[in-house]
Structure formats: C-alpha cells, structure tokens
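Participant: Got a predicted structure here, sequence first:
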Amino acid sequence: MSKNTTTTQSGGIGFLGLLAILFIGLKLTGHITWSWWWVLAPLWIPSVLVILFIVCLLIAAYINYK
C-alpha cells in the first residue's frame, strides 16, 4: 500500500515587502521625492516596533519584580 501525502508550503513576499518595492520603484523613477528613510520605512519600522515592545515588556517585568 502506498501512502499519498502532499505537503503545501506558502511563503514569498509579504505586504510590507511589496510596499517597499513599490516605494523604491517610485523613488527611482522620480514619481516621489521622499527621503530614503521613508521609502525604506516598510522594512525598518516593524523591527523598531518589535524592539520597543520588548523594551516595554522588560521595563514592566523589572517594575513587577521590584
């Protein structure tokens, strides 16, 4: 008897990745004149938010522990 199993994998680029690609394309073609900080914001803002969340959790844990 043979077993038929299928595995499904999903992946690829997410919404923020697509948004970053769109912003980069618009910047390079001259359609927007934003700073590169804002053009690349979809790539760095999520990381900053995660770091801020972790810092807040550590502060709350320190206050609770004290």
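Facilitator: Structure's in. What do you need?

Participant: what's next to the helix or strand containing Ile51, contact-wise?
Facilitator: Assigned by DSSP states H and E, Ile51 belongs to helix 41-65. The contact list for helix 41-65 (CB atoms under 8 Å, 6 or more residues apart in numbering) reads 16-17, 19-20, 23. In short, each C-beta sits where N, CA and C put it, glycine included.

Participant: Identify, from these, the entry nearest to Ser10.
Facilitator: Nearest to Ser10 among the contacts of helix 41-65 is Gly17, at 14.3 Å by CB to CB.

Participant: Let me see the residues that make contact with the helix or strand hosting the closest one.
Facilitator: Using DSSP H and E, Gly17 sits within helix 15-28. For helix 15-28, contacts defined as CB under 8 Å, 6+ apart pick out 13, 32, 34, 36, 38-43, 46.

Participant: Which residues belonging to that helix are considered buried?
Facilitator: 20, 23, 27 (16 or more other CB atoms under 10 Å).

Participant: Of the contacts of helix 15-28, select the buried ones using a PyMOL command.
Facilitator: Those of the contacts of helix 15-28 that count as buried under 16+ other CB under 10 Å are selected in PyMOL with:
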select buried, resi 39+41+42
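
Participant: what's the burial count for Ser10?
Facilitator: Ser10 is flanked by 4 other residues according to other CB atoms under 10 Å.

Participant: And the residue sitting nearest the centre point of the chain, what's its pLDDT?
Facilitator: The chain has Pro46 as the residue nearest its centroid, 4.6 Å off, counting by CA atoms, centre = their mean. Looking at Pro46, its pLDDT reads 95.

Participant: how far away is it from Asn4?
Facilitator: Counting by CB to CB, to the nearest Å, the gap from Pro46 to Asn4 is 39 Å.

Participant: cool, Ile32 as well?
Facilitator: 51 Å.

Participant: do Phe23 as well
Facilitator: Taking CB to CB, one finds Phe23 at 44 Å from Asn4.

Participant: returning to what we had before: now the angle between helix 15-28 and the helix holding Ile51, please.
Facilitator: 140 degrees (axes from the mean of the first three to the mean of the last three CA atoms, to 10 degrees).
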